[in-house]
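Q: Okay, here's the prediction I keep looking at, along with the sequence it came from:
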Amino acid sequence: MNLNPFEFLDNFALMALAAVLYGIILRLEYPKTVRRALGGLLFGVGAAISMLDPLRVAPGVIVDLRSLFIGFSGAFLGPLAMVLSLCIGAVTRYQLGGIGVVPGIVGMTLAGCSGTLWGYLMRNQSRASIRHLLLLGLMLCTGLLAFLLLPVEIRTTAFTNAAPYAAASYILGALLLGTFVERERFYAMRERRLTNEVNTDPLTGLLNRRGFLQSFEIAQEETVSENGAAILLLDLDHFKVLNDTHGHDVGDLVLQSVGATLRNAVRQSDLLGRLGGEEFAVYLPNASMADARNIAERIRDGIETSTIASNGAAVSVSASVGGCWSLNAMDLTTGLKLADMELYKAKQGGRNQVRFTPTIKSAA
């Protein structure tokens, strides 16, 4: 049997394409689980394509780079993605048939588990170096142990002829594909970081107006609000007097304290934003009217009881809260307008209180 290692070069072009598509998936505005699942499907398709032009060791026994793609799925995307890519690879190998079906699927599984282990070991590393990628390539070679499951008359040929080429290709492929993937990860993370900076208020760490509007639109598409939803608008009482009396430095500390109070008072699924100055907004998806009132009161009470030390004195502030609750889809412009009307009533009614619109079917 005469094996030519250059037959693997087509797979290297496939690696570059897979890395580019991987980068596109990283940039999608989807939840992390969805992006990982899409990445798993991508690497699974890469594994399937690599099996279409393999090295043939014997009738029904082939060698290709499927384990590389499946291993990378586990290494860079985690167990869920690895299982998805493994399923695609296993189904493809089963369809191709031959005596190498079982060893082939076992080899993919070993490589996928090895890649996932590598990803776990790398969890505290920001980037993978050449040394790390070499280690990944060596770990993926564990899939070649599946040759032991071949019949004796084929096993020796597989180990002596195919295994060295496959091992070299896994290691070289890990370096090449790993470099492509790391480059895409770096650029995607940088873009995401820049986007976060554009959408985040630097003082409080909450979303700014632009970020709140964008995140609201995404939340509207992704969240099923079976119990209704609410928008809260809150404004700090007499904040200008506080700034004039204690200075803007203390005022900034108060705003930071309010941001922390808001984060502690709401649920993980809720959106928080500083719309400007001392005005904040909260979106409560999937919240009943009672839930919304309770959260609003928790916010108001948390702000009132928080204090900031200034020149040995405790500085505190209160907030007025206006809320709009909707049973159905929540339109942000209308919701903010109705919440602002209730906020005005809270201010006129003595401040440091919560006011809600009467129960309505929709704020759309």
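A: Thanks, I have the structure now.

Q: Give me the distance between the two termini of stretch 152-171.
A: 27 Å (C-alpha to C-alpha, to the nearest Å).

Q: What residues of that stretch count as buried?
A: The neighbour-count check on stretch 152-171 (16 or more other C-beta atoms under 10 Å) flags 154-155, 157-158, 161-163, 165-167, 169-171 as buried. All C-beta atoms are positioned from the backbone trio N, CA, C, and that covers glycine.

Q: Return the subset of those residues lying in strands.
A: Counting by DSSP state E, the buried residues of stretch 152-171 place none of their members in strands.

Q: Quick one: the residues you listed as TSV, columns for pLDDT and distance to residue 19 too.
A: Compiled in TSV, the buried residues of stretch 152-171 are given as follows (pLDDT from 0 to 100; distance: C-beta to C-beta, whole Å):
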residue	pLDDT	distance to residue 19
154	89	34
155	90	34
157	85	33
158	87	29
161	83	30
162	86	26
163	89	26
165	85	23
166	88	21
167	92	22
169	88	17
170	92	16
171	93	17
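
Q: List just the nearest of those to residue 132.
A: Nearest to residue 132, judged by C-beta to C-beta, of those is residue 171 at 12.6 Å.

Q: Which parts of the stretch 151-300 of the chain are strands?
A: For the stretch 151-300 of the chain, the strands defined by DSSP state E, counting those that start in this stretch cover 229-236, 271-276, 279-284.

Q: what's the closest of the ones you listed to residue 355?
A: Of these, nearest to residue 355 by C-beta to C-beta is strand 229-236, at 10.2 Å.

Q: Dump the closest one to CSV, keeping only the CA atoms.
A: The C-alpha coordinates for strand 229-236 follow below in CSV (Å, rounded to 0.1, in the frame of the first residue of the first chain):
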residue,chain,number,x,y,z
ALA,A,229,-43.6,42.0,31.3
ALA,A,230,-42.9,45.4,32.9
ILE,A,231,-40.8,48.5,32.4
LEU,A,232,-39.6,50.5,35.4
LEU,A,233,-38.3,54.0,35.1
LEU,A,234,-36.7,55.5,38.2
ASP,A,235,-35.2,58.8,39.1
LEU,A,236,-33.1,59.8,42.1
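
Q: Relative to it, what are the paired strands and their orientations?
A: Strand 229-236 pairs in its sheet with strand 279-284 (antiparallel), strand 319-326 (antiparallel), by DSSP bridges.

Q: Pick the most buried one from those.
A: strand 319-326 (a mean of 26; mean count of other C-beta atoms under 10 Å).

Q: centre of the chain versus that strand, how much separation?
A: Relative to the centre of its chain, strand 319-326 is centred 31 Å away, using C-alpha atoms, centre = their mean, to the nearest Å.

Q: can you count the residues close to residue 356?
A: 21 (other C-beta atoms under 10 Å).

Q: who touches it in this structure?
A: Residues counted as contacts of residue 356 (C-beta atoms under 8 Å, 6 or more residues apart in numbering) are 289, 292, 293, 296, 322, 323, 324, 325, 342.
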